[in-house]
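>>> Kindly return the folded structure for what I paste below:
(one chain, ligands or ions: 2)
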Amino acid sequence: MTGVVYSKFPHEKLRSIQQSDSHKPLTLEYIAEGNANIVYTFKPIADEPVNLGVRQKLLRLRKDKSFIQSTQSQYITFQREFLPLFRPENIVEQTLITLDESLIESLNQRLAEHESTGARKDVRHGDRLAVDDHGLLMTDMTAQHGEFLFEIKPKWLQQSPDAPRDSIRCRTCALRMQRDHMKAGGAVIPTRGGFCPLGLIDVDIEERRRAFRNIIEAQANELSHTTVGEIVNYLAEEGYQVLSDLRKHQAQFDKHGLLGRDPEDISDDYSKAMTLRDCMLFVKGSLNAFANTADIRLADLDFKHAHPDKVQKWKSTERTLVDQGWYTSTEVDEGYEPRCLLTRRSL
Ligand SMILES: O=P(O)(O)O[C@@H]1[C@@H](OP(=O)(O)O)[C@H](OP(=O)(O)O)[C@H](O)[C@H](OP(=O)(O)O)[C@H]1OP(=O)(O)O
Ligand SMILES: Nc1ncnc2c1ncn2[C@@H]1O[C@H](COP(=O)(O)OP(=O)(O)OP(=O)(O)O)[C@@H](O)[C@H]1O
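Ligands and ions are numbered 1, 2, ... in the order given. This is a model prediction of the structure:
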(Lines give C-alpha, C1' and ligand atoms only; values in the text may rest on other atoms or scores of the structure.)
(Ligands and ions follow the chains in the order given, each with its own letter.)
Protein backbone atom coordinates (compact mmCIF):
# COMPACT_ATOMS: atom_id res chain seq x y z
CA MET A 1 0.00 0.00 0.00
CA THR A 2 1.19 3.49 -0.82
CA GLY A 3 0.07 6.61 1.07
CA VAL A 4 -1.29 9.42 -1.11
CA VAL A 5 -3.21 12.64 -0.79
CA TYR A 6 -5.82 13.88 -3.22
CA SER A 7 -6.40 17.58 -3.57
CA LYS A 8 -9.09 19.06 -5.74
CA PHE A 9 -7.61 22.56 -6.00
CA PRO A 10 -6.14 24.27 -8.00
CA HIS A 11 -6.61 21.26 -10.26
CA GLU A 12 -7.17 17.65 -9.34
CA LYS A 13 -3.91 16.15 -8.18
CA LEU A 14 -2.65 13.01 -6.54
CA ARG A 15 0.68 13.03 -4.77
CA SER A 16 2.73 11.02 -2.30
CA ILE A 17 1.98 11.67 1.30
CA GLN A 18 4.31 14.12 3.02
CA GLN A 19 5.11 14.61 6.68
CA SER A 20 2.70 16.97 8.46
CA ASP A 21 0.26 16.87 5.54
CA SER A 22 -2.96 18.72 6.20
CA HIS A 23 -5.02 16.73 3.66
CA LYS A 24 -6.77 13.52 4.58
CA PRO A 25 -4.47 10.68 3.58
CA LEU A 26 -5.55 7.69 1.50
CA THR A 27 -3.78 4.54 0.43
CA LEU A 28 -3.49 3.12 -3.06
CA GLU A 29 -3.83 -0.64 -3.33
CA TYR A 30 -2.86 -2.68 -6.41
CA ILE A 31 -5.84 -4.66 -7.72
CA ALA A 32 -5.09 -5.85 -11.25
CA GLU A 33 -3.08 -5.31 -14.40
CA GLY A 34 -3.12 -6.11 -18.10
CA ASN A 35 -0.42 -5.87 -20.71
CA ALA A 36 -0.52 -2.08 -20.83
CA ASN A 37 -1.95 -0.72 -17.57
CA ILE A 38 -2.05 -1.23 -13.82
CA VAL A 39 -5.18 -0.57 -11.79
CA TYR A 40 -5.31 0.63 -8.16
CA THR A 41 -8.10 1.19 -5.67
CA PHE A 42 -8.34 3.96 -3.05
CA LYS A 43 -8.68 2.94 0.57
CA PRO A 44 -9.17 5.34 3.48
CA ILE A 45 -6.70 5.33 6.35
CA ALA A 46 -8.66 4.52 9.51
CA ASP A 47 -12.44 4.96 9.09
CA GLU A 48 -12.38 8.31 7.32
CA PRO A 49 -14.74 8.49 4.32
CA VAL A 50 -12.89 8.50 1.00
CA ASN A 51 -12.72 11.98 -0.56
CA LEU A 52 -15.68 12.55 -2.93
CA GLY A 53 -13.39 13.20 -5.90
CA VAL A 54 -12.07 9.63 -5.85
CA ARG A 55 -15.06 7.83 -4.33
CA GLN A 56 -16.21 4.89 -6.51
CA LYS A 57 -13.24 5.52 -8.76
CA LEU A 58 -10.19 3.43 -9.61
CA LEU A 59 -6.81 4.77 -10.69
CA ARG A 60 -5.38 3.40 -13.93
CA LEU A 61 -1.72 4.03 -14.71
CA ARG A 62 0.11 3.16 -17.90
CA LYS A 63 3.11 0.86 -18.11
CA ASP A 64 6.47 1.82 -19.51
CA LYS A 65 6.23 0.21 -22.98
CA SER A 66 7.29 1.63 -26.31
CA PHE A 67 3.90 1.34 -28.00
CA ILE A 68 1.91 3.14 -25.27
CA GLN A 69 1.23 6.86 -25.71
CA SER A 70 1.25 9.39 -22.87
CA THR A 71 -1.85 9.24 -20.66
CA GLN A 72 -2.90 12.75 -21.65
CA SER A 73 -2.77 11.91 -25.34
CA GLN A 74 -4.71 8.66 -24.74
CA TYR A 75 -7.31 10.60 -22.80
CA ILE A 76 -7.75 13.21 -25.54
CA THR A 77 -8.10 10.51 -28.20
CA PHE A 78 -10.59 8.59 -26.06
CA GLN A 79 -12.78 11.70 -25.62
CA ARG A 80 -12.63 12.63 -29.29
CA GLU A 81 -12.79 9.26 -31.05
CA PHE A 82 -14.48 6.68 -28.85
CA LEU A 83 -16.75 8.40 -26.34
CA PRO A 84 -19.10 9.75 -29.07
CA LEU A 85 -19.62 6.24 -30.51
CA PHE A 86 -21.56 4.82 -27.56
CA ARG A 87 -24.25 5.85 -25.11
CA PRO A 88 -22.62 7.47 -22.04
CA GLU A 89 -24.16 4.85 -19.75
CA ASN A 90 -22.33 2.14 -21.70
CA ILE A 91 -18.81 3.54 -21.22
CA VAL A 92 -16.42 3.44 -18.26
CA GLU A 93 -15.89 7.14 -17.60
CA GLN A 94 -12.39 8.61 -17.52
CA THR A 95 -11.07 11.72 -15.76
CA LEU A 96 -7.52 12.96 -16.15
CA ILE A 97 -5.65 13.51 -12.89
CA THR A 98 -2.21 15.05 -12.30
CA LEU A 99 0.42 12.95 -10.51
CA ASP A 100 3.80 13.69 -9.01
CA GLU A 101 6.87 11.73 -10.02
CA SER A 102 7.67 10.49 -6.52
CA LEU A 103 4.32 8.67 -6.51
CA ILE A 104 5.30 6.63 -9.58
CA GLU A 105 8.69 5.84 -8.01
CA SER A 106 7.05 4.62 -4.86
CA LEU A 107 4.45 2.51 -6.74
CA ASN A 108 7.22 0.97 -8.85
CA GLN A 109 9.03 -0.11 -5.70
CA ARG A 110 5.82 -1.80 -4.50
CA LEU A 111 5.46 -3.58 -7.86
CA ALA A 112 8.90 -5.13 -7.41
CA GLU A 113 7.86 -6.32 -3.92
CA HIS A 114 4.59 -7.80 -5.28
CA GLU A 115 6.65 -10.08 -7.51
CA SER A 116 8.01 -12.03 -4.57
CA THR A 117 4.64 -12.28 -2.79
CA GLY A 118 2.84 -13.84 -5.77
CA ALA A 119 0.42 -10.90 -6.08
CA ARG A 120 1.44 -10.40 -9.74
CA LYS A 121 1.30 -13.05 -12.47
CA ASP A 122 4.73 -14.28 -13.59
CA VAL A 123 4.07 -13.09 -17.12
CA ARG A 124 3.79 -9.48 -15.87
CA HIS A 125 7.00 -9.53 -13.78
CA GLY A 126 9.44 -6.81 -14.78
CA ASP A 127 6.70 -4.50 -16.09
CA ARG A 128 6.90 -1.09 -14.44
CA LEU A 129 4.85 2.12 -14.54
CA ALA A 130 5.90 4.84 -16.95
CA VAL A 131 6.92 8.19 -15.54
CA ASP A 132 3.93 10.28 -16.64
CA ASP A 133 2.42 13.50 -15.30
CA HIS A 134 -1.08 12.04 -15.47
CA GLY A 135 -3.19 9.07 -14.52
CA LEU A 136 -6.83 8.25 -15.20
CA LEU A 137 -9.63 8.01 -12.69
CA MET A 138 -12.23 5.52 -13.91
CA THR A 139 -15.70 4.35 -12.92
CA ASP A 140 -15.12 1.57 -10.40
CA MET A 141 -16.88 -1.54 -11.73
CA THR A 142 -15.75 -3.78 -8.87
CA ALA A 143 -18.61 -5.92 -7.55
CA GLN A 144 -19.94 -4.87 -4.15
CA HIS A 145 -21.75 -7.09 -1.67
CA GLY A 146 -24.48 -9.13 -3.43
CA GLU A 147 -23.23 -8.16 -6.88
CA PHE A 148 -21.28 -9.99 -9.54
CA LEU A 149 -18.95 -8.60 -12.19
CA PHE A 150 -18.42 -10.42 -15.46
CA GLU A 151 -15.56 -9.41 -17.74
CA ILE A 152 -16.03 -10.16 -21.42
CA LYS A 153 -13.46 -9.42 -24.10
CA PRO A 154 -15.69 -9.52 -27.19
CA LYS A 155 -12.75 -9.40 -29.69
CA TRP A 156 -13.73 -9.60 -33.40
CA LEU A 157 -17.52 -9.41 -33.71
CA GLN A 158 -17.40 -9.68 -37.49
CA GLN A 159 -15.23 -11.75 -39.81
CA SER A 160 -11.83 -10.34 -40.81
CA PRO A 161 -11.99 -8.61 -44.22
CA ASP A 162 -8.77 -10.54 -45.02
CA ALA A 163 -10.34 -13.96 -44.43
CA PRO A 164 -10.97 -16.10 -47.53
CA ARG A 165 -14.54 -16.26 -48.84
CA ASP A 166 -14.79 -19.98 -48.04
CA SER A 167 -13.81 -19.55 -44.37
CA ILE A 168 -15.41 -21.87 -41.88
CA ARG A 169 -13.91 -20.14 -38.86
CA CYS A 170 -14.24 -16.57 -37.61
CA ARG A 171 -11.13 -14.46 -36.86
CA THR A 172 -11.21 -15.06 -33.10
CA CYS A 173 -11.80 -18.83 -33.32
CA ALA A 174 -9.19 -19.24 -36.07
CA LEU A 175 -6.58 -17.44 -33.94
CA ARG A 176 -7.50 -19.39 -30.81
CA MET A 177 -7.03 -22.67 -32.70
CA GLN A 178 -3.75 -21.56 -34.20
CA ARG A 179 -2.40 -20.56 -30.77
CA ASP A 180 -3.65 -23.77 -29.13
CA HIS A 181 -1.89 -25.70 -31.87
CA MET A 182 1.38 -23.82 -31.26
CA LYS A 183 1.15 -24.44 -27.50
CA ALA A 184 0.47 -28.13 -28.00
CA GLY A 185 3.61 -28.44 -30.14
CA GLY A 186 1.73 -29.14 -33.36
CA ALA A 187 -1.12 -31.36 -32.20
CA VAL A 188 -4.62 -29.89 -32.39
CA ILE A 189 -5.94 -30.40 -28.89
CA PRO A 190 -9.06 -28.38 -28.11
CA THR A 191 -8.66 -26.28 -24.96
CA ARG A 192 -11.40 -25.47 -22.49
CA GLY A 193 -12.83 -21.95 -22.41
CA GLY A 194 -12.82 -19.50 -25.27
CA PHE A 195 -15.99 -18.54 -27.05
CA CYS A 196 -17.12 -17.51 -30.50
CA PRO A 197 -17.86 -13.76 -30.49
CA LEU A 198 -20.25 -14.09 -33.43
CA GLY A 199 -22.76 -15.86 -31.18
CA LEU A 200 -22.99 -12.85 -28.85
CA ILE A 201 -24.63 -10.68 -31.51
CA ASP A 202 -26.27 -13.29 -33.73
CA VAL A 203 -29.82 -12.63 -34.97
CA ASP A 204 -30.96 -15.91 -33.42
CA ILE A 205 -31.66 -15.37 -29.73
CA GLU A 206 -30.89 -19.04 -28.97
CA GLU A 207 -27.36 -18.51 -30.29
CA ARG A 208 -26.99 -15.44 -28.11
CA ARG A 209 -28.25 -17.39 -25.08
CA ARG A 210 -25.82 -20.19 -25.76
CA ALA A 211 -22.86 -17.79 -26.20
CA PHE A 212 -23.59 -15.82 -23.00
CA ARG A 213 -24.25 -19.01 -21.04
CA ASN A 214 -20.76 -20.32 -21.91
CA ILE A 215 -19.17 -17.12 -20.65
CA ILE A 216 -21.27 -16.71 -17.52
CA GLU A 217 -20.87 -20.34 -16.44
CA ALA A 218 -17.11 -20.18 -16.96
CA GLN A 219 -16.81 -17.14 -14.68
CA ALA A 220 -19.37 -18.01 -12.00
CA ASN A 221 -19.56 -21.71 -11.27
CA GLU A 222 -20.87 -21.04 -7.74
CA LEU A 223 -24.09 -19.35 -8.97
CA SER A 224 -27.37 -21.25 -8.99
CA HIS A 225 -28.87 -22.51 -12.23
CA THR A 226 -31.75 -20.03 -11.84
CA THR A 227 -29.48 -17.02 -11.32
CA VAL A 228 -27.36 -17.97 -14.32
CA GLY A 229 -30.55 -18.37 -16.40
CA GLU A 230 -31.76 -14.89 -15.42
CA ILE A 231 -28.43 -13.26 -16.27
CA VAL A 232 -28.18 -15.12 -19.57
CA ASN A 233 -31.75 -14.17 -20.55
CA TYR A 234 -31.18 -10.53 -19.74
CA LEU A 235 -27.97 -10.36 -21.78
CA ALA A 236 -29.39 -12.27 -24.74
CA GLU A 237 -32.60 -10.22 -24.81
CA GLU A 238 -31.36 -6.65 -24.20
CA GLY A 239 -27.88 -6.45 -22.68
CA TYR A 240 -26.15 -7.53 -25.91
CA GLN A 241 -27.16 -4.35 -27.76
CA VAL A 242 -24.00 -2.47 -26.88
CA LEU A 243 -22.12 -5.30 -28.62
CA SER A 244 -24.16 -4.77 -31.77
CA ASP A 245 -23.03 -1.14 -31.71
CA LEU A 246 -19.47 -2.31 -31.14
CA ARG A 247 -19.65 -4.65 -34.13
CA LYS A 248 -21.02 -1.86 -36.33
CA HIS A 249 -18.05 0.38 -35.47
CA GLN A 250 -15.49 -2.42 -35.84
CA ALA A 251 -16.80 -3.00 -39.37
CA GLN A 252 -17.11 0.69 -40.24
CA PHE A 253 -13.46 1.43 -39.41
CA ASP A 254 -11.97 -1.56 -41.24
CA LYS A 255 -13.68 -2.35 -44.52
CA HIS A 256 -10.65 -3.63 -46.45
CA GLY A 257 -8.34 -5.50 -44.06
CA LEU A 258 -4.61 -5.28 -43.72
CA LEU A 259 -2.95 -7.68 -46.13
CA GLY A 260 -3.41 -5.56 -49.25
CA ARG A 261 -1.81 -2.48 -47.69
CA ASP A 262 1.71 -1.18 -47.27
CA PRO A 263 2.66 -0.79 -43.59
CA GLU A 264 2.88 3.00 -44.01
CA ASP A 265 -0.72 3.07 -45.27
CA ILE A 266 -2.22 2.01 -41.96
CA SER A 267 -4.87 4.64 -41.27
CA ASP A 268 -6.17 5.97 -37.98
CA ASP A 269 -9.41 4.23 -38.85
CA TYR A 270 -7.62 0.87 -38.90
CA SER A 271 -6.12 1.69 -35.48
CA LYS A 272 -9.60 2.49 -34.22
CA ALA A 273 -10.94 -0.81 -35.50
CA MET A 274 -8.10 -2.69 -33.74
CA THR A 275 -8.83 -0.79 -30.53
CA LEU A 276 -12.51 -1.72 -30.73
CA ARG A 277 -11.47 -5.37 -31.30
CA ASP A 278 -9.48 -5.44 -28.07
CA CYS A 279 -11.71 -3.61 -25.58
CA MET A 280 -13.39 -5.03 -22.50
CA LEU A 281 -17.07 -5.26 -21.60
CA PHE A 282 -17.90 -5.12 -17.90
CA VAL A 283 -21.29 -6.49 -16.90
CA LYS A 284 -22.19 -5.88 -13.27
CA GLY A 285 -25.44 -6.47 -11.46
CA SER A 286 -27.09 -7.58 -8.27
CA LEU A 287 -27.58 -11.34 -8.10
CA ASN A 288 -31.12 -10.87 -6.73
CA ALA A 289 -32.35 -8.61 -9.51
CA PHE A 290 -29.86 -8.63 -12.34
CA ALA A 291 -32.12 -7.21 -15.06
CA ASN A 292 -33.10 -4.20 -12.93
CA THR A 293 -29.62 -3.36 -11.73
CA ALA A 294 -27.39 -4.28 -14.67
CA ASP A 295 -24.58 -1.84 -15.38
CA ILE A 296 -22.95 -2.61 -18.74
CA ARG A 297 -19.89 -0.63 -19.80
CA LEU A 298 -17.08 -0.82 -22.31
CA ALA A 299 -13.56 -0.15 -21.05
CA ASP A 300 -9.97 -0.30 -22.28
CA LEU A 301 -10.59 1.88 -25.33
CA ASP A 302 -6.98 3.00 -25.62
CA PHE A 303 -6.20 4.05 -29.17
CA LYS A 304 -3.74 1.54 -30.68
CA HIS A 305 -1.18 3.60 -32.54
CA ALA A 306 0.23 1.96 -35.63
CA HIS A 307 3.69 1.51 -34.11
CA PRO A 308 5.83 -0.51 -36.57
CA ASP A 309 6.08 -3.41 -34.07
CA LYS A 310 2.29 -3.54 -33.74
CA VAL A 311 1.66 -3.37 -37.48
CA GLN A 312 4.20 -6.15 -37.99
CA LYS A 313 2.42 -8.27 -35.37
CA TRP A 314 -1.05 -7.64 -36.85
CA LYS A 315 0.17 -8.42 -40.35
CA SER A 316 2.01 -11.56 -39.42
CA THR A 317 -0.96 -12.86 -37.40
CA GLU A 318 -3.33 -12.37 -40.33
CA ARG A 319 -0.84 -13.85 -42.82
CA THR A 320 -0.38 -16.95 -40.68
CA LEU A 321 -4.14 -17.48 -40.37
CA VAL A 322 -4.67 -17.16 -44.11
CA ASP A 323 -1.57 -18.97 -45.38
CA GLN A 324 -1.72 -21.88 -42.95
CA GLY A 325 -5.44 -22.42 -43.57
CA TRP A 326 -6.74 -21.66 -40.07
CA TYR A 327 -9.81 -19.97 -41.54
CA THR A 328 -10.60 -22.70 -44.01
CA SER A 329 -9.23 -26.08 -42.89
CA THR A 330 -12.04 -28.57 -42.50
CA GLU A 331 -10.43 -31.02 -40.07
CA VAL A 332 -12.73 -31.89 -37.16
CA ASP A 333 -11.07 -29.91 -34.43
CA GLU A 334 -13.46 -29.22 -31.63
CA GLY A 335 -15.33 -32.46 -31.19
CA TYR A 336 -19.02 -32.97 -31.82
CA GLU A 337 -20.10 -29.39 -31.26
CA PRO A 338 -17.59 -26.83 -32.51
CA ARG A 339 -17.47 -23.50 -30.71
CA CYS A 340 -17.29 -21.35 -33.82
CA LEU A 341 -20.71 -20.26 -35.07
CA LEU A 342 -19.38 -20.07 -38.62
CA THR A 343 -18.22 -23.69 -38.41
CA ARG A 344 -21.55 -24.89 -37.08
CA ARG A 345 -23.43 -23.03 -39.78
CA SER A 346 -21.21 -24.52 -42.49
CA LEU A 347 -21.61 -28.17 -41.38
O1 LIG B 1 -2.94 -10.67 -29.85
P2 LIG B 1 -4.42 -10.52 -29.70
O3 LIG B 1 -5.13 -10.14 -30.94
O4 LIG B 1 -5.02 -11.75 -29.11
O5 LIG B 1 -4.69 -9.31 -28.66
C6 LIG B 1 -3.83 -8.94 -27.59
C7 LIG B 1 -4.48 -9.32 -26.28
O8 LIG B 1 -4.54 -10.73 -26.21
P9 LIG B 1 -5.89 -11.57 -25.88
O10 LIG B 1 -7.05 -10.62 -25.93
O11 LIG B 1 -5.68 -12.14 -24.54
O12 LIG B 1 -5.98 -12.60 -26.94
C13 LIG B 1 -3.65 -8.80 -25.09
O14 LIG B 1 -4.36 -9.13 -23.90
P15 LIG B 1 -3.62 -9.92 -22.67
O16 LIG B 1 -2.37 -9.17 -22.40
O17 LIG B 1 -3.41 -11.31 -23.19
O18 LIG B 1 -4.62 -9.83 -21.57
C19 LIG B 1 -3.49 -7.28 -25.15
O20 LIG B 1 -4.77 -6.68 -24.99
C21 LIG B 1 -2.87 -6.85 -26.48
O22 LIG B 1 -2.94 -5.44 -26.60
P23 LIG B 1 -1.79 -4.45 -26.07
O24 LIG B 1 -0.48 -5.05 -26.56
O25 LIG B 1 -1.90 -4.45 -24.59
O26 LIG B 1 -2.13 -3.15 -26.70
C27 LIG B 1 -3.64 -7.43 -27.67
O28 LIG B 1 -2.88 -7.17 -28.84
P29 LIG B 1 -3.36 -6.31 -30.08
O30 LIG B 1 -4.86 -6.25 -30.10
O31 LIG B 1 -2.80 -4.94 -29.90
O32 LIG B 1 -2.79 -6.98 -31.26
N1 LIG C 1 -13.10 0.22 -14.31
C2 LIG C 1 -12.74 -0.96 -13.77
N3 LIG C 1 -13.45 -1.49 -12.75
C4 LIG C 1 -13.10 -2.69 -12.20
N5 LIG C 1 -12.02 -3.40 -12.60
C6 LIG C 1 -11.26 -2.91 -13.60
C7 LIG C 1 -11.58 -1.67 -14.24
N8 LIG C 1 -10.68 -1.45 -15.22
C9 LIG C 1 -9.83 -2.47 -15.18
N10 LIG C 1 -10.17 -3.36 -14.21
C11 LIG C 1 -9.47 -4.61 -13.88
O12 LIG C 1 -8.10 -4.46 -14.21
C13 LIG C 1 -7.71 -5.40 -15.23
C14 LIG C 1 -6.67 -4.76 -16.14
O15 LIG C 1 -7.17 -3.53 -16.65
P16 LIG C 1 -7.09 -3.13 -18.17
O17 LIG C 1 -7.93 -4.08 -18.98
O18 LIG C 1 -7.43 -1.70 -18.23
O19 LIG C 1 -5.56 -3.39 -18.49
P20 LIG C 1 -4.84 -3.35 -19.90
O21 LIG C 1 -3.40 -3.44 -19.60
O22 LIG C 1 -5.31 -2.15 -20.66
O23 LIG C 1 -5.38 -4.69 -20.60
P24 LIG C 1 -4.82 -5.42 -21.95
O25 LIG C 1 -3.94 -6.54 -21.49
O26 LIG C 1 -6.09 -5.91 -22.59
O27 LIG C 1 -4.10 -4.36 -22.74
C28 LIG C 1 -9.03 -5.77 -15.93
O29 LIG C 1 -8.96 -7.04 -16.53
C30 LIG C 1 -10.00 -5.74 -14.77
O31 LIG C 1 -9.92 -6.95 -14.02
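>>> Tell me which residue of this structure lies closest to ligand 2.
Gly34 (2.1 Å; Cβ to the nearest ligand atom). All C-beta atoms are positioned from the backbone trio N, CA, C, and that covers glycine.
>>> hang on, that residue packs against Asp300?
Yes - using Cβ atoms under 8 Å, Gly34 is in contact with Asp300, at 7.3 Å.
>>> Distance-wise, check the residue of the chain closest to ligand 2 relative to Gly185.
Gly34 sits 27 Å away from Gly185, going by Cβ to Cβ, to the nearest Å.
>>> which one of the two has more residues nearby?
Gly34 (15 against 7; other Cβ atoms under 10 Å).
>>> Just give the number of residues close to the residue nearest to Asp127 when sequence neighbours are not counted.
Take Asp127 and drop its neighbours on the chain: the residue closest to it by Cβ to Cβ, 6 or more residues apart in numbering is Lys63, 5.1 Å away. For Lys63, the count of nearby residues is 17 (other Cβ under 10 Å).
>>> and Lys63, what are its bridge partners?
Legend: beta-bridge partners of Lys63 under DSSP bridges are Leu129.
>>> Report pLDDT for it.
Listed pLDDT for Lys63 reads 97.
>>> which ones are touching Ala306?
Ala306 makes contacts with Pro263, Ile266, Tyr270, Ser271, as judged by Cβ atoms under 8 Å, 6 or more residues apart in numbering.
>>> any idea which helix or strand carries it?
Under DSSP states H and E, no helix or strand contains Ala306.
>>> how near is it to Glu222?
Distance of Ala306 to Glu222, given as Cβ to Cβ: 43 Å.
>>> Near ligand 1, which residues of this structure are found?
Within the chain, the positions adjacent to ligand 1 are Gly34, Asn35, Ala36, Lys153, Met274, Asp278, Lys304, Lys310, Lys313, Trp314 by Cβ under 6 Å from any ligand atom.
>>> need the contact list for the residue nearest to Asp127.
Glu33, Asn35, Ala36, Asn37, Ile38, Asp127, Arg128, Leu129, Ala130 are the contacts of Lys63 under Cβ under 8 Å, 6+ apart.
>>> Does the fourth one touch Arg60 like I think?
Yes - Asn37 sits in contact with Arg60 when judged by Cβ under 8 Å, with a separation of 5.2 Å.
>>> Could you tell me how many residues sit around Leu111?
Leu111 is flanked by 20 other residues according to other Cβ under 10 Å.
>>> per-residue confidence at it?
94.
>>> before we move on, the earlier item: switch the contacts of Lys63 over to CSV; also include distance to Thr27 and pLDDT.
Below are those laid out as CSV (distance: Cβ to Cβ, whole Å; pLDDT from 0 to 100):
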residue, distance to Thr27, pLDDT
Glu33, 18, 96
Asn35, 26, 92
Ala36, 24, 93
Asn37, 20, 96
Ile38, 15, 97
Asp127, 22, 96
Arg128, 20, 97
Leu129, 17, 96
Ala130, 22, 96
